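Visitor: With the input below, show me the fold.
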Amino acid sequence: MSSVQAWILERPKRILVISVIAIGFGVLAVLAAFMAIAALVELSDYQRTQLPFDYALTLSLTVLTLVESVIMIVCGVAIRSGHRWARLGLSVVCALGSAGSILQIVLGGDIVVAVISVCMYILLLILLWSRVTSSWFADVNS
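Guide: Numbers count the residues shown, from 1 in each chain. All right, here's what the predicted structure looks like:
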């Protein structure tokens, strides 16, 4: 058995959990973004001209959601191989996503979705920086 196979076999289950959560929520975010794009396409010219700020805000948040979801999917796949950049990328997405979800609550958005999102981001951060995960990353990257 090679050294690569040895550390793959010893990979903590937390890494798999992190990967599944990141990829799963990334895919859900892509679907939500496409639903938002479909809703924006259906708006009439009158609605776009009468509410330009709402239209621009929704469009920009949709683009940010797509970017976030692609980063989550890519990092979710890469973290299984022990890439440090994937761990840092997911950490940044979790921090920014938590801030965005809290802002959504403050601005009167859907509280249930925002609370679930914050809890998911916090769970990912805890798993990403736990002692077991940190020691695995140190072993893989040494």
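Visitor: Tell me which helix or strand in this protein has the weakest average pLDDT.
Guide: helix 3-9 (a mean of 52; mean pLDDT, DSSP states H and E).
Visitor: Give the other helices and strands that the next helix or strand after it contacts.
Guide: Elements were assigned by DSSP states H and E; along the chain past helix 3-9, the next helix or strand is helix 13-42. Counting contacts by 3 or more CB pairs under 8 Å, 6 or more residues apart in numbering; DSSP states H and E, helix 13-42 is packed against helix 52-78, helix 111-128, helix 131-140. Heads up, the C-betas are built off the backbone N, CA and C, glycines and all.
Visitor: List the buried residues in helix 13-42.
Guide: If you call a residue buried by 16 or more other CB atoms under 10 Å, then helix 13-42 has these buried ones: 15, 18-19, 21-23, 25-26, 29-30, 33, 36-37.
Visitor: hmm, which two among these are most spread apart?
Guide: Ile15 and Ile37 (32.7 Å; CB to CB).
Visitor: follow-up on the earlier one: format the buried residues of helix 13-42 as a markdown table; extra columns: pLDDT.
Guide: A markdown table is the format used below for these (pLDDT from 0 to 100):
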| residue | pLDDT |
| --- | --- |
| Ile15 | 94 |
| Ile18 | 95 |
| Ser19 | 96 |
| Ile21 | 95 |
| Ala22 | 96 |
| Ile23 | 96 |
| Phe25 | 92 |
| Gly26 | 94 |
| Ala29 | 91 |
| Val30 | 94 |
| Ala33 | 89 |
| Ala36 | 86 |
| Ile37 | 87 |
